[in-house]
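Engineer: With the sequence up front, the predicted model follows.
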Protein chains: 2
Amino acid sequence: MTTAELVQQIKQKKSFLCIGLDADLDKIPEHLLQEEDPIFAFNKAIIDATHKFAVAYKPNTAFYEAYGVKGWLALEKTIRYINEQYPDVFTIADAKRGDIGNTSSRYAKAFFEDLGFDSVTVAPYMGKDSVEPFLAFPNKHTILLALTSNQGALDFQTQTLVNNEELYHKVLKTAVNWKNSQNLMFVVGATKASSFKTIRELVPNHFLLVPGVGAQGGNLKEVCEYGLNNQVGLLVNSSRGIIYASRQTDFAEAAKNKAFELQQQMKVYVDQLLS
Amino acid sequence: MTTAELVQQIKQKKSFLCIGLDADLDKIPEHLLQEEDPIFAFNKAIIDATHKFAVAYKPNTAFYEAYGVKGWLALEKTIRYINEQYPDVFTIADAKRGDIGNTSSRYAKAFFEDLGFDSVTVAPYMGKDSVEPFLAFPNKHTILLALTSNQGALDFQTQTLVNNEELYHKVLKTAVNWKNSQNLMFVVGATKASSFKTIRELVPNHFLLVPGVGAQGGNLKEVCEYGLNNQVGLLVNSSRGIIYASRQTDFAEAAKNKAFELQQQMKVYVDQLLS
């Protein structure tokens, strides 16, 4: 999917909501456990119920790998279902991969070509030659971790370098000079919305994937105030707050309501930009 | 496996060789492609031929994920085969994972419990709460990326912080204070062997997993000079140089010869330590 197509979808749906599909057999409604593939049944119901209000789905691969081959099959079915039924929706493999060059190429091929994801999250620690193999795929997007929303972000990401910039600033500034950097997006946690101001100065045009609005304490208003650009430029993720809004038989309806609620808040910002 | 058991095995085999099982259908001998599971058939033959000279096997998960469900099955069969046939051998899932806390727990469970690996490689960028879930598993080992052997290591890992230490030094110093840090090992590339001196000052007792001896240009002599500690404390990895030593029907024999050759070099250092 091209960035223009993503922007088009955002304008159409008046939403920049991404829904995290972190399917957990301990949390999905009990009646689904009788299904042949409970995780896929859960994802399918969530996707069918929410796709009008969400522009992106983001399965976190850890939740699938935790179930071994069965989990991997559920992931394959989920991405295939989205691509077949809702081809306009942007898909993110939240895999946080990254390895030396020829190995990163393997991951890129697996997620972009074989599974057919539009994007994959990648960790920056190993530098340029670990990320460029992902960037080489046209119309695929590499979402590089910059500032994450967890406490541990303070351990290294916000450490100050000798030139007085924080490490994650260095990551942003360096990455935009890599080959095919037009295919980059960045993960930026919403826990400290004031950070978005500096981030937008460093990467005015790139999309930012923002976890941590809701469960992790971020605030949509502040994120939008500093994070929006003239193409919207944000994908705001919610996982548990939507997919586990109810754990009864009405789970899909409850997820739909939560997604609608967030879309209604986002609509205000999209309308402002379009007006 | 406990660290003591690993050390015991090293002393017995007089080897600290780790063999990277990066199985690639484009590189394994052609006659194996007729097998039901060519990757497992290849791994099994390599393991059977080399286990006397190697103390650890390290499948890089990218090579398996690249083949989807089939690849995942081959990985499962490989680790099960090692654990059943050669339970004294140390196993490393070279997965370079890392995510927020509850998600890292999923990865840890998948690799340590479900697959039964002794260790997994983890990226440090997301900090303490992304790594401690791995460290929580007793007698399992978390091998944290510190200084990798690729060119991109210079992009961030060796950046200097305000207190004049390099980022990867900060990673080492910080990580040893995390809970259950006795379960830590570190990935340290062999491309700049002089770095080992400082590294050993920072982490005198931890095991170091050293890629890049051979194909990536590292030098065993220099690595040993600075990297060995009184429990050996090194696992030196070779992948392509061993497993693709021949691509004919004699591939297992060729791998055995290469592994033996490296073991003979390592034996000198183990003997020195034991004497």
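Structural biologist: Nice, I can see it.
Engineer: only C-alpha atoms for contact and neighbour calcs from this point on.
Structural biologist: Will do.
Engineer: burial of residue A:4, as a residue count?
Structural biologist: The tally of other residues near residue A:4 (other CA atoms under 10 Å in any protein chain shown) stands at 10.
Engineer: Wasn't it part of a helix?
Structural biologist: Yes - according to DSSP: H, G, I helix; E, B strand; the rest coil, residue A:4 belongs to a helix.
Engineer: so how far is chain B from it?
Structural biologist: For residue A:4, the distance to chain B equals 29 Å [CA to the nearest CA, to the nearest Å].
Engineer: What ranges does the stretch 1-150 of chain A have for its strands?
Structural biologist: Using DSSP state E, counting those that start in this stretch, the strands assigned to the stretch 1-150 of chain A run over residues A:17-20, A:56-58, A:90-97, A:119-122, A:141-147.
Engineer: Out of the ones you listed, flag the one nearest chain B.
Structural biologist: Closest approach to chain B among those is made by strand A:90-97 (6.7 Å; CA to the nearest CA).
Engineer: Check which helices and strands that closest one sits against.
Structural biologist: Helices and strands in packing contact with strand A:90-97 are listed as strand A:56-58, helix A:61-65, strand A:119-122, strand B:90-97; criterion 3 or more CA pairs under 8 Å, 6 or more residues apart in numbering or on different chains; DSSP states H and E.
Engineer: The second one - contacts with which helices or strands?
Structural biologist: Applying 3+ CA pairs under 8 Å, 6+ apart, one finds that helix A:61-65 contacts helix A:68-85, strand A:90-97, helix B:101-108.
Engineer: Is the longest one in proximity to chain B?
Structural biologist: Yes - with CA under 8 Å from any CA of the partner chain as the criterion, chain B is reached by helix A:68-85 at A:68, A:69, A:72, A:73.
Engineer: which parts of that helix are buried?
Structural biologist: Within helix A:68-85, the residues that qualify as buried by neighbour count (16 or more other CA atoms under 10 Å in any protein chain shown) are A:68-69, A:71-83.
Engineer: angle of that helix against helix B:68-85?
Structural biologist: 180 degrees (axes from the mean of the first three to the mean of the last three CA atoms, to 10 degrees).
Engineer: how about the CA coordinates for helix A:68-85, as CSV?
Structural biologist: In CSV, the C-alpha atoms belonging to helix A:68-85 read as follows (Å, rounded to 0.1, in the frame of the first residue of the first chain):
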residue,chain,number,x,y,z
GLY,A,68,3.7,-22.2,18.1
VAL,A,69,2.6,-23.6,14.8
LYS,A,70,-1.1,-23.1,15.6
GLY,A,71,-0.4,-19.5,16.4
TRP,A,72,1.5,-19.0,13.2
LEU,A,73,-1.4,-20.5,11.3
ALA,A,74,-3.8,-18.1,13.1
LEU,A,75,-1.6,-15.2,12.1
GLU,A,76,-1.5,-16.3,8.5
LYS,A,77,-5.3,-16.7,8.4
THR,A,78,-5.8,-13.3,10.0
ILE,A,79,-3.6,-11.4,7.5
ARG,A,80,-5.1,-13.2,4.6
TYR,A,81,-8.6,-12.5,5.8
ILE,A,82,-7.9,-8.8,6.1
ASN,A,83,-6.1,-8.6,2.7
GLU,A,84,-9.0,-10.4,1.0
GLN,A,85,-12.0,-8.8,2.7
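Engineer: any idea of the mean pLDDT for that helix?
Structural biologist: Along helix A:68-85, the predicted confidence averages to a pLDDT of 96.
Engineer: Kindly report the same for the last one.
Structural biologist: Confidence over helix B:101-108, taken as the mean pLDDT, stands at 94.
Engineer: for that helix, packing partners?
Structural biologist: In this structure, helix B:101-108 packs against helix A:61-65, helix B:128-135, with contacts taken as 3+ CA pairs under 8 Å, 6+ apart.
Engineer: what angle sits between it and strand B:141-147?
Structural biologist: 110 degrees.
Engineer: and helix B:101-108, which residues are buried?
Structural biologist: The neighbour-count check on helix B:101-108 (16+ other CA under 10 Å) flags B:101, B:103, B:104, B:105, B:106, B:107, B:108 as buried.
Engineer: burial count for the closest residue to the fourth one other than its chain neighbours?
Structural biologist: Okay, so that is residue B:105. Nearest in space to residue B:105, with sequence neighbours left out and distances taken as CA to CA, 6 or more residues apart in numbering or on different chains, is residue B:133 at 5.1 Å. Using other CA under 10 Å as the criterion, residue B:133 is surrounded by 24 other residues.
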